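**Q** quick one: sequence plus predicted model below, questions after.
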Amino acid sequence: MESDQIRDWLCGPMVAVATPFTEDFTLDLEALHTNVRFMIDGGVRTGQGSLLVGGAGGEHPTLNVEERKLVMSTALEAANGEVPVLSSIQHTDSRVIVELARHASEIGLDGAQLGPTYYYEPTEGDVLRLFELVAKESDVSLMIYHTWWEGLTMSIDLLKRLRDIESVRSLKWSSGDAGHYRQGLLELSDSLVMIDNSGQQTSSHLLGARGFITHLSGFWPAYPLEIWQLLEKRDYAAATARLTEFKWKWSAWIGKVMAVTGGEGPFIKAAMEAVGLTVGPPRPPSVRVPEHLMDELRELLESANVPKA
């Protein structure tokens, strides 16, 4: 995709794509290809959404470097130029980050998600140096990932300095502070493509966001797309009402899952399997959703008339 037209193609629901495994936890690239096509056929296309592979929803901390590269390449092949594909390049080792960034660039990925290194809490200077290093070593378009829950809340000044790096084009945005969240949207949405990562689809769009992260398109592509179309029409009352009908109930169910097992893989994969997609188990130590919660999920999906795949 042309970087100077990024607002035309990096918009709408950004799908946190699950990484399928077989029952012995081997990558299932055939299932990944099929699931990407399911999302595209359901309406996740250029101008109406994008795919984020190998992120938290794709269980990237459980993948080795070669597996992460295979996920990128397989998703890009499956997308066939019909939808933008981005990937996380998060890691604790800056050398691995550079390696993943170079691979993303070499295969023609549309962007790479990058936040601060984790485990050891970095300084703002560390973050700036990391982005400068990756921009120097690769020309892949970078999406800043504000991972404030890992310890560092980036100042607006730092975000502006990152924005000034030529390859930085977008920001996956959330904050633990409501004022900071609003300030970021108000001060950065004219110069960066802002993707909401806080579940505030309506208010973020009102303040300039061009899309939102979602797990829902992995099993029900039509629903987030409907929300996006209402937002683009600025029918915020209808968008809020539609969110109330399912999304908030889904979030409450996720809370029950997270009390049993960690990570995003378990709940995303449970819903995908419930509609008939092949995605396999999460990798250990996470486990499949227990049957009593699967029963609740099936009732929730049925009440919302979620179609089978």
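**A** Structure received.
**Q** low-confidence ranges, this structure, go.
**A** 2-4 (pLDDT under 70).
**Q** for the stretch 101-250 of the chain, just list every one of the strands.
**A** In the stretch 101-250 of the chain, the strands defined using DSSP state E, counting those that start in this stretch lie at 111-114, 142-145, 168-173, 193-196, 211-214.
**Q** CSV for these, including distance to Asp235 and mean neighbour count?
**A** Bear in mind the C-beta positions are built from the backbone N, C-alpha and C, glycine included. CSV is the format used below for the strands of the stretch 101-250 of the chain (distance: least, Cβ to Cβ, whole Å; neighbours: other Cβ atoms under 10 Å):
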stretch, distance to Asp235, mean neighbour count
strand 111-114, 29, 26
strand 142-145, 28, 26
strand 168-173, 23, 24
strand 193-196, 17, 25
strand 211-214, 16, 25
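**Q** compare the ones you listed and give me the one nearest Val36.
**A** Nearest of the strands of the stretch 101-250 of the chain to Val36, taken as Cβ to Cβ: strand 211-214 at 15.1 Å.
**Q** by contact count, what packs against the closest one?
**A** Judged by 3 or more Cβ pairs under 8 Å, 6 or more residues apart in numbering; DSSP states H and E, strand 211-214 is in contact with strand 12-16, strand 193-196, helix 201-206, helix 222-232.
**Q** one more time with 6 Å
**A** strand 12-16 (3 or more Cβ pairs under 6 Å, 6 or more residues apart in numbering; DSSP states H and E).
**Q** send the alpha carbons of the strand it packs on over as PDB?
**A** The C-alpha trace of strand 12-16 is given here as PDB (Å, rounded to 0.1, in the frame of the first residue of the first chain):
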ATOM      1  CA  GLY A  12     -11.700   0.500  10.200                       C
ATOM      2  CA  PRO A  13     -11.600  -2.600  12.300                       C
ATOM      3  CA  MET A  14      -8.000  -3.800  12.800                       C
ATOM      4  CA  VAL A  15      -8.300  -7.600  13.500                       C
ATOM      5  CA  ALA A  16      -6.200  -9.200  16.200                       C
END
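**Q** list the strands paired with that strand, with their directions.
**A** Strand 12-16 pairs in its sheet with strand 50-53 (parallel), strand 211-214 (parallel), by DSSP bridges.
**Q** pull out the buried positions in whichever helix or strand comes after the first one.
**A** Put plainly, it is strand 50-53. Sequence-wise, the next helix or strand downstream of strand 50-53 (DSSP states H and E) is helix 65-79. Buried residues in helix 65-79, defined by neighbour count with 16 or more other Cβ atoms under 10 Å: 67-76, 78-79.
**Q** could I get the residues you listed as a markdown table with distance to Ser189?
**A** Shown next, in a markdown table, are those (distance: Cβ to Cβ, whole Å):
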| residue | distance to Ser189 |
| --- | --- |
| Glu67 | 35 |
| Arg68 | 30 |
| Lys69 | 32 |
| Leu70 | 35 |
| Val71 | 30 |
| Met72 | 28 |
| Ser73 | 32 |
| Thr74 | 33 |
| Ala75 | 27 |
| Leu76 | 28 |
| Ala78 | 31 |
| Ala79 | 26 |
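**Q** closest one to Met272 among the strands of the stretch 101-250 of the chain?
**A** Across the strands of the stretch 101-250 of the chain, closest to Met272 is strand 211-214 (Cβ to Cβ), at 13.3 Å.
**Q** report the distance from that closest one to the chain centre.
**A** 7 Å (Cα atoms, centre = their mean, to the nearest Å).
**Q** what's the answer for stretch 195-212, then?
**A** Using Cα atoms, centre = their mean, the offset of stretch 195-212 from its chain centre is 13 Å.
**Q** buried residues in the lengthiest helix in the chain, which are they?
**A** As assigned by DSSP state H, the longest helix anywhere in the chain is helix 236-258. Using 16+ other Cβ under 10 Å as the test for burial, helix 236-258 gives 239-240, 242-243, 246-247, 250, 253-254, 257.
**Q** likewise stretch 184-192?
**A** So, applying 16+ other Cβ under 10 Å, buried residues of stretch 184-192: 184-185, 188-189, 192.
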